[in-house]
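S.K.: build me a model:
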Amino acid sequence: MKATILRSQRVLVKDTIRPADLVIIGGLIADIASYGSEVDALELDDFLITPGFVDLHSDAVEKEIEPRPGAMFPIRPSLIELDRKLAMAGITTMFHAVSFNDEALSGNRATEAAVQIIREMDSVNRSALAVDNYIHARYEISSFKSAEAIKKLIEERCVKMVSIMDHNPGQGQFKTIEAWKNYHKPVFDLSDEEAETIIEKKEGIDMNKAYKLMRELLAFAAEHDLVALSHDDDRPEKIDLLKELGVSVTEFPLNIETAQYAIQSGIHAGMGAPNVVRGKSQSGNISARELIKYGCCDYLCSDYHPSSMLQAAWIMNREMGMDLAQAIGMVSTVPATISGLGDRGEITSGLIADLLVIDDRDVPKVVTTMKEGDIIYSSLGCLCG
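M.R.: This next block holds a predicted model:
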């Protein structure tokens, strides 16, 4: 079997950037050889070679299908187009966060719409997509009819990760009714009257039933060895409950106290890369840079903006003083480990050759993306042909 050799002065091997020749055979990293020791190597000078990014949470699939409220595009071509964008952004493993919202907010077909996206993703992933497109099912705890639908998808191996979220007004991300309205009205194109009607329905939800279904779903996910996450946690007491329920990751903790307590309790904490790039939260919550500064953020995800994964790593290096290897690890090695994907996420012999070639002389950009040793995107002539 023919080998592909990549040679660069800068290869991220574990936690060190050093010169090396990478030998790729059969989709795997076969060897990390001394710089200049291999023949027929593709010379990449001082372009940086890193592992491909692993994204544990992105809403990009929903925004690709419905870029504006009510403007729906066909699912299959949307997925294929998004796959190309992910490759250009350096994301080689994506967990698409598909929301199962409650019917009060998203209409009576909300669950069916989410199931349709997931089934189409499962189909097209095996035939037409270049990166690994996995499903992260996001369960709104007031979406009663969704619990059984998610269980069925888990049984069919269409879901690889499950998270729980509670977006009811008055707690979590939306401490006030006004905060809930300010976010949901533009996102879902709601009038004041529609928003008031939805809030009224939410206030009448049977929370005992909601927690019962949530516990059952998390137990079912655990039986199938799926990683469980929680969304927008706002107090240490909630972390204690999550740990009891088998949740191992808190996404977007809302304050330092909660994030620090999570880390101390053995719960991983992750934030959005767009928050790092912009320097603030879209929803007015805590800055990810603040959590990183205090050492209570393990990894970054793209949240709603895939290209932020790359930019955030260099911002952490250039503006926040973080070692570049550590910063890249927060979008590759660490999320791969958290998700249980031990076959990727770093440049080590025997792992999958999911690799990026990055030009970081100015604003960093991915110039080549490899998936299991195959080039799925490149703007470099020496690799394109």
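S.K.: mind splitting this protein into its structural domains?
M.R.: For the chain, automatic domain parsing gives the domain ranges 4-50+347-384, 60-338.
S.K.: so, low pLDDT: which residues of the chain?
M.R.: Counting by pLDDT under 70, the chain shows low-confidence ranges at 102-109, 167-175, 179-180, 183-184, 187, 200, 202-204, 282-284, 382-385.
S.K.: just the terminal-to-terminal distance for stretch 243-260.
M.R.: One end of stretch 243-260 sits 14 Å from the other (C-alpha to C-alpha, to the nearest Å).
S.K.: mind starting the numbering at 36 from now?
M.R.: Yes, from this point I'll number from 36; that puts the last item at stretch 278-295.
S.K.: how close does the closest residue to E191 other than its chain neighbours sit to Y169?
M.R.: The spatial neighbour of E191 that comes closest, neighbours along the chain excluded (C-beta to C-beta, 6 or more residues apart in numbering), is D157 at 7.9 Å. No exception for glycine: its C-beta is placed from N, CA and C like everyone else's. Distance, D157 to Y169, by C-beta to C-beta, to the nearest Å: 10 Å.
S.K.: name the residues that touch stretch 244-262?
M.R.: Residues outside stretch 244-262 that contact it (C-beta atoms under 8 Å, 6 or more residues apart in numbering) are 174, 176-177, 179, 182, 185-186, 189-190, 194-197, 199, 263, 280-284, 373-375.
S.K.: buried subset of these?
M.R.: 174, 176-177, 179, 182, 185-186, 189, 194-197, 199, 263, 280, 282-284, 373-374 (16 or more other C-beta atoms under 10 Å).
S.K.: those in helices, which ones?
M.R.: Judged by DSSP state H, those include 182, 185-186, 189, 280, 373 as members of helices.
S.K.: of all these, which two lie farthest apart?
M.R.: The largest separation in these, counting by C-beta to C-beta, is between A182 and I373 at 24.0 Å.
S.K.: which residue ranges form the strands in the stretch 136-285 of the chain?
M.R.: Using DSSP state E, counting those that start in this stretch, the strands assigned to the stretch 136-285 of the chain run over residues 167-175, 196-200, 262-266, 284-286.
S.K.: can you tell me which residues contact the nearest residue to I185 once chain neighbours are set aside?
M.R.: Excluding its sequence neighbours, the residue lying closest to I185 (C-beta to C-beta, 6+ apart) is A172, at 5.0 Å. By C-beta under 8 Å, 6+ apart, the residues touching A172 are 133, 135, 149, 153, 185, 188-189, 194, 196-198.
S.K.: repeat that for 10 Å
M.R.: By C-beta atoms under 10 Å, 6 or more residues apart in numbering, the residues touching A172 are 130-135, 149-150, 153, 181, 184-186, 188-189, 193-199, 252, 256, 261.
S.K.: what of E191?
M.R.: Residues near E191 by C-beta under 10 Å, 6+ apart: 153-154, 157.
S.K.: can you list the ones in helices among the buried ones among the contacts of stretch 244-262 in CSV and add distance to S113?
M.R.: Below are these laid out as CSV (distance: C-beta to C-beta, whole Å):
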residue, distance to S113
A182, 27
I185, 22
K186, 26
I189, 24
L280, 34
I373, 28
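S.K.: which among the residues you listed gets closest to E231?
M.R.: A182 (27.2 Å).
S.K.: G314 is in contact with I321, isn't it?
M.R.: No - judged on C-beta atoms under 10 Å, G314 makes no contact with I321 at a distance of 11.7 Å.
S.K.: which one's more surrounded, those two?
M.R.: I321 (19 against 12; other C-beta atoms under 10 Å).
S.K.: check which helix or strand covers that one.
M.R.: When elements are assigned from DSSP states H and E, I321 belongs to no helix and no strand.
S.K.: which residue is the nearest non-sequential neighbour of it?
M.R.: N290 (5.7 Å).
S.K.: the one you found: neighbouring residues, count only.
M.R.: N290 is flanked by 16 other residues according to other C-beta under 10 Å.
S.K.: with I234 instead?
M.R.: 19.
S.K.: and for S322?
M.R.: Neighbourhood size, S322 [other C-beta under 10 Å]: 15.
S.K.: show me what contacts it?
M.R.: S322 sits next to 306, 310-311, 313-316, 328 when contact means C-beta under 10 Å, 6+ apart.
S.K.: what are the phi and psi angles of it?
M.R.: Per-residue torsions, S322: phi -70, psi 130 (degrees, to the nearest 10).
S.K.: please report the distance of it from A297.
M.R.: Distance from S322 to A297, by C-beta to C-beta: 17 Å.
S.K.: do S414 as well
M.R.: Distance of S414 to A297, given as C-beta to C-beta: 40 Å.
S.K.: related to what we said a few turns ago, helices - which of the contacts of E191 land there?
M.R.: If you go by DSSP H, the contacts of E191 have 153-154, 157 in helices.
S.K.: most neighbours out of the residues you listed, which is it?
M.R.: I153 leads those on contacts (other C-beta under 10 Å) with 22 neighbours.
S.K.: any idea how far R379 is from it?
M.R.: According to C-beta to C-beta, I153 stands 22 Å off from R379.
S.K.: likewise E258?
M.R.: From E258 across to R379, the span is 25 Å (C-beta to C-beta).
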